[in-house]
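1. just the structure for this:
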Amino acid sequence: MKKMFYAALAALLLPVIFLARPAEASTGGTYDASNQYANVGLILFYDPTGRYRCSATLISPTVLVTAAHCTDGDVGKVLVDFRNFISDGPTSGYAPAANPAAGYTAKEIAAMGFASGTAYTHPQYSDFTDMDNWNDVGVVVLDKAVKIKPAQLSGLGVLDQIGTENLRSTLFRAVGYGTEVRKSDSGPQNPTPQSYPLERRYVDMPGQKLTPQILQTNGNENDPFGTGGTCFGDSGGPVFYQGRIVAVTSYGYTDNCRYLGGYQRLDIAVTQDWVRSFLS
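-> Just a heads-up that it's a prediction; the model follows:
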């Protein structure tokens, strides 16, 4: 949610708290205590408007796939953190860049003990202006390979094989570092996205709609067929079907992350071919 919907479920990172750029964080879901999704990491980066976080997935020892709204306009290097648990509350522990206008340097990120990389954005990313050519996908190429088993991309057209009549009874698993939605400890007791805890969670969501570019799901923790949805900070995180990545988290429709979620398909040639070009 960058300019449209609560679309890029990314999160703006101030010195103490995390916010979100286009994308979401988990509403409901389960903390990945067993580190089942060790290849899913938090990415931290600067653009001219501030510091943000998103989620991303390792698909080779040096390449992560994420959302375009998490890479478009990035300056400097991208920090990549594969820990399943980061913080229970302020602060996050991530030092700011010495020069925020230039973003992180590889040296600054290495001093914090994390991996660094360079962001790339799909050349046909429409910034949510063209429903037929969304292409909300980006990659981060690491400066050094990591020793983590990568996840696998699905084959082409996998989602089309499900069929409209079966979509609502099919569960998709999203993984990411999005904000948790719950009642505040004080003040108004309306469910709202909370900055902490900051941890990797996964959630199962029933399908709702499929377009040539987008998979849409029902993301309500009270849905009897699923366990929740994505929220701010989950942007760019993977959506798994049959154990492979079929999409990345792209947008949401409400500011409390309790409605429909949209996911950029990676089982289509226009996005997958571009992503795979970084693997050759």
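
2. beta partners of residue 218?
-> residue 260 (DSSP bridges).

3. er, residue 51 actually
-> Per DSSP bridges, the residues bridged to residue 51 are residue 13, residue 46.

4. quick one: low-confidence ranges for the stretch 1-150 of the chain?
-> 1-28, 89 (pLDDT under 70).

5. that one: strands as residue ranges?
-> With strands called from DSSP state E, counting those that start in this stretch, the stretch 1-150 of the chain shows them at 9-13, 18-22, 27-28, 30-31, 40-47, 50-60, 63-66, 75-81, 85-87, 115-121, 138-142.

6. closest one to residue 232 among those strands?
-> Closest to residue 232 of the strands of the stretch 1-150 of the chain, according to CB to CB: strand 18-22, at 2.9 Å. Using the backbone N, CA and C atoms, a C-beta is placed for each residue, glycine as well.

7. how many neighbours does residue 132 have?
-> Neighbourhood size, residue 132 [other CB atoms under 10 Å]: 8.

8. residue 57 too?
-> Residue 57, neighbours per other CB under 10 Å, totals 26.

9. circling back to that earlier point, turn the strands of the stretch 1-150 of the chain into TSV, columns for distance to residue 262.
-> Formatted as TSV, the strands of the stretch 1-150 of the chain follow (distance: least, CB to CB, whole Å):
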stretch	distance to residue 262
strand 9-13	9
strand 18-22	10
strand 27-28	15
strand 30-31	22
strand 40-47	19
strand 50-60	15
strand 63-66	15
strand 75-81	23
strand 85-87	26
strand 115-121	18
strand 138-142	16
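
10. what domains does the record give for the protein?
-> 9-25+37-142, 159-268 (automatic domain parsing).

11. among these, which is nearest residue 276?
-> domain 9-25+37-142 (8.9 Å).

12. and the closest one, how far out from the chain middle?
-> Mean C-alpha position of domain 9-25+37-142 versus that of the full chain (CA atoms, centre = their mean, to the nearest Å) differs by 9 Å.

13. and if you look at stretch 265-280?
-> Mean C-alpha position of stretch 265-280 versus that of the full chain (CA atoms, centre = their mean) differs by 17 Å.

14. one more: stretch 241-254?
-> Mean-position distance between stretch 241-254 and its chain equals 8 Å (CA atoms, centre = their mean).

15. restricting to C-alpha, output it in CSV.
-> Output in CSV follows, covering the C-alpha atoms of stretch 241-254 (Å, rounded to 0.1, in the frame of the first residue of the first chain):
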residue,chain,number,x,y,z
TYR,A,241,0.6,-23.3,-1.9
GLN,A,242,1.6,-27.0,-1.9
GLY,A,243,5.0,-26.0,-0.4
ARG,A,244,6.0,-23.5,-3.1
ILE,A,245,5.8,-19.8,-3.5
VAL,A,246,2.9,-18.8,-5.7
ALA,A,247,2.7,-15.1,-4.7
VAL,A,248,4.0,-12.3,-2.5
THR,A,249,2.0,-10.0,-0.2
SER,A,250,1.0,-6.9,-1.9
TYR,A,251,-2.0,-4.9,-0.5
GLY,A,252,-4.9,-4.8,1.9
TYR,A,253,-8.2,-3.0,2.0
THR,A,254,-8.5,-1.9,5.6
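
16. returning to that earlier point: who wins for proximity to residue 252 among the strands of the stretch 1-150 of the chain?
-> strand 9-13 (5.9 Å).

17. quick one, helices of the stretch 151-280 of the chain?
-> Ranges of helices in the stretch 151-280 of the chain, per DSSP state H, counting those that start in this stretch, are 164-167, 269-276.

18. the shortest one - contacts with which helices or strands?
-> Spelled out, that is helix 164-167. Secondary structure elements in contact with helix 164-167, counted by 3 or more CB pairs under 8 Å, 6 or more residues apart in numbering; DSSP states H and E, are strand 201-210.

19. can you tell me the strand partners of the strand it packs on and which way each runs?
-> By DSSP bridges, strand 201-210 pairs with strand 30-31 (antiparallel), strand 171-176 (antiparallel), strand 214-218 (antiparallel).

20. can you give me how far that strand is from the chain middle?
-> 14 Å.

21. re earlier: in CSV: the strands paired with strand 201-210, plus mean neighbour count and distance to residue 86.
-> Converted to CSV, these look like this (neighbours: other CB atoms under 10 Å; distance: least, CB to CB, whole Å):
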stretch, mean neighbour count, distance to residue 86
strand 30-31, 14, 12
strand 171-176, 25, 12
strand 214-218, 23, 26
